[in-house]
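J.: Structure, please.
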Amino acid sequence: MKMNYTIFLLIFFFNDFFSQVPKQLDWFFGDSGKVEIDIDENDYLSSMEAIDSMIYFSGYTGHYDDTILNYDAIIGRLDYQGNLDSTFNDSGYIRFDFPGDNHSSITDMDVGDSGIYFIGNSSDYGVQDTLHLFVGKIDFSGRVDTSFADSGFFTPNLGRYDVGNGISVTSNEQIVFCGTSENKISLTDHPLMGRLHYNGILDTTFGTTGIRIWDSNGELVDSLTSTLIAKHGSGGYLTDMLEINDNYFFSGYYRPGSNNMCLMIMVKKNGDINLNYAGLGYRVFELSPNNDNTIVSNYYANDTLYSLINVVGTGYGNVTLFAQDTLGTQLDVTSFSLPDWILESTDMDWSPNGDIAVSSYATNDTSSTSVDSDGFFIINMNSQGVYDVNYNNGGFFLEAFDSEESGIEDLCFSDEALFSGGFVRKMASGNIFDFSFIKLINNPSLGIPEFSQTGISIFPNPVSDILRIESSESSLFTFQIFNIAGEQVSQNKVLSDSFELNVSEIPKGIYFITIKHLLTGITELQKIVIE
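T.: As a prediction, this is how the structure comes out:
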């Protein structure tokens, strides 16, 4: 009876142990919820995706000195524990230069059914008029897919300088991308958008060439010509896009002078501008004159299009949510600031329960003339743009990575958790910036064991040497063994339907084993006896 009572208490102990506090770091990811990855001297993240608890990240890595800029584009994958996944290109990452150039970086990526698509920029450093936009694909083993476009890469030759900013894989595995191109004659920058088939070939049903340029009259044309001039100014840039019903929504900014204005364009899937949107097919506006106004991220839900807008300048500190319907009718604009903090938003994503997580660069130095970043800064708000004053600690989450400077670039929800990626500044010889990541528990019930739902058998029990774990179907799962004090004694990832563990060197006694299916999220707690 005493033993049964002890087990009863231990089950409640472990329920409490694994029911981690929501909006807090996940203890089982990296070093208590944090991960730092050092590849080269400068490691900088631009984009990330979390799928089935695996993290894909991209950006650039390399070495910088006073004589040459030589960065490589990089795509990596972390496993569910935050380690570089050695099954991905044998090292956990692939780094490369765009063919013919010595400086490359990735600005955005998206994960499709058949691989990872990315967009970036490259140049032959020191050589005039060499700035190229490229779109590429790697397979899930972490290697360039040479069947895509021209040996894995597509690049247009449109203007003097072509810049790639955003990419999205559509519902039917088409690749839509956006950026800007500089006219060789007028030297003005024009927003561009394009669409590729899954194999990297231009889709000529998008316009007539597969690439469209926004022209001075608010129309779309198939190429840059000497007659194109910038209607609103000299710098048009598209940075993000969404697929909305039978349209693509592109956004970015226009730069008529010293400050940016918000730019939004609605385009039909045949490549024509949708004149039903905002009466013109586009809108150019600013929320705060004489300051930079830039659209950071977009989301579509409940027939409403939401845009997160940065206002940078004398109005530092505002988080702004712009809401409209698909015809461009403005529904709401809400803005808030946090006392004592200067913010610059970097991304947003919708949580499973309908809230919005917003990431920002942040500093509490109100005398600063620019926003550096004191850490990974996350705010929570609802779809009306109302900020949650009870979120985490004081209305925001802050993780500084024990560094004088770290910043968050991207975030996304997956498996009821919030993953975020960015940089941490090291400022050591040979190591200036590292990739950095965190994982936050989002669902209060995440981690509470559920019994007899995994279809996994553990035997023999009691066990003296070899413990066997078998699943009724091939599945990726993890298991951890804890002693009665709650101390972990073993942890493993299983890629097949069976696993054998030698426990002969573990001291005899009563232990608890937790098994989690990574696809379903179901966790089971079982008692084992080692004798």
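J.: From now on I want contacts and neighbour counts done on CA atoms only, so please keep to that.
T.: Noted.
J.: Would you mark the buried spots in stretch 98-110?
T.: By 16 or more other C-alpha atoms under 10 Å, the buried positions in stretch 98-110 come out as Phe98, Asp101, Asn102, His103, Ser104, Ser105, Ile106, Thr107, Asp108, Met109, Asp110.
J.: and these as CSV, adding distance to Asp145 and secondary structure?
T.: Output for the buried residues of stretch 98-110, formatted as CSV (distance: C-alpha to C-alpha, whole Å; DSSP: H, G, I helix; E, B strand; the rest coil):
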residue, distance to Asp145, secondary structure
Phe98, 14, coil
Asp101, 19, coil
Asn102, 21, coil
His103, 21, strand
Ser104, 18, strand
Ser105, 18, strand
Ile106, 16, strand
Thr107, 19, strand
Asp108, 17, strand
Met109, 15, strand
Asp110, 15, strand
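J.: Past the lowest-mean-pLDDT helix or strand in the chain, which element shows up next along the chain?
T.: For the chain, using mean pLDDT, DSSP states H and E, the weakest element among its helices and strands is helix 2-18, scoring a mean of 42. Under the assignment DSSP states H and E, the closest C-terminal helix or strand after helix 2-18 is strand 34-37.
J.: Show me what that following strand is packed up against.
T.: strand 431-441 (3 or more C-alpha pairs under 8 Å, 6 or more residues apart in numbering; DSSP states H and E).
J.: List of residues touching the strand it packs on?
T.: 20-26, 29, 33-45, 416-427 (C-alpha atoms under 8 Å, 6 or more residues apart in numbering).
J.: Then stretch 320-331?
T.: Where contact means C-alpha under 8 Å, 6+ apart, the residues beyond stretch 320-331 that reach it are 276-278, 303-311, 332-336, 384-385.
J.: ok so, going back, can you put the buried residues of stretch 98-110 in TSV and add distance to Ala50?
T.: Listed next are those as TSV, based on distance: C-alpha to C-alpha, whole Å:
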residue	distance to Ala50
Phe98	25
Asp101	30
Asn102	30
His103	27
Ser104	24
Ser105	20
Ile106	17
Thr107	17
Asp108	14
Met109	12
Asp110	10
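J.: Please, which helix or strand holds the most centrally placed residue in the chain?
T.: With distances taken as C-alpha atoms, centre = their mean, Met48 lies nearest the centre of the chain, 2.9 Å away. Per DSSP H and E: Met48 is located in strand 42-51.
J.: Please save the CA atoms from that strand in PDB.
T.: The C-alpha trace of strand 42-51 is given here as PDB (Å, rounded to 0.1, in the frame of the first residue of the first chain):
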ATOM      1  CA  ASN A  42      29.200  36.300 -38.800                       C
ATOM      2  CA  ASP A  43      26.000  34.200 -38.600                       C
ATOM      3  CA  TYR A  44      22.800  36.100 -39.400                       C
ATOM      4  CA  LEU A  45      19.300  34.700 -39.600                       C
ATOM      5  CA  SER A  46      16.700  36.100 -42.000                       C
ATOM      6  CA  SER A  47      13.900  33.500 -42.000                       C
ATOM      7  CA  MET A  48      12.800  30.400 -40.300                       C
ATOM      8  CA  GLU A  49      10.000  27.700 -40.400                       C
ATOM      9  CA  ALA A  50       9.000  25.200 -37.800                       C
ATOM     10  CA  ILE A  51       7.400  22.000 -39.100                       C
END
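J.: for it, what is the average pLDDT?
T.: The pLDDT scores in strand 42-51 average 94.
J.: Next, the buried residues of that strand.
T.: Of the residues in strand 42-51, those buried by neighbour count under the rule 16+ other C-alpha under 10 Å are Asn42, Asp43, Tyr44, Leu45, Ser46, Ser47, Met48, Glu49, Ala50.
J.: Repeat that for stretch 320-333.
T.: Buried residues in stretch 320-333, counted by 16+ other C-alpha under 10 Å: Thr320, Leu321, Phe322, Ala323, Gln324, Asp325, Thr326, Leu327, Gly328, Val333.
J.: Report the two of those separated the most.
T.: The most widely separated members of these, counting by C-alpha to C-alpha, are Thr320 and Leu327 (20.5 Å).
J.: how would you label Gly166: helix, strand or coil?
T.: Reducing the assignment at Gly166 to three states with DSSP: H, G, I helix; E, B strand; the rest coil gives strand.
J.: got the contact list for the strand holding Met48?
T.: Outside strand 42-51, the residues that touch it by C-alpha under 8 Å, 6+ apart are 55-64, 106-111, 409-414, 419-423, 431-435.
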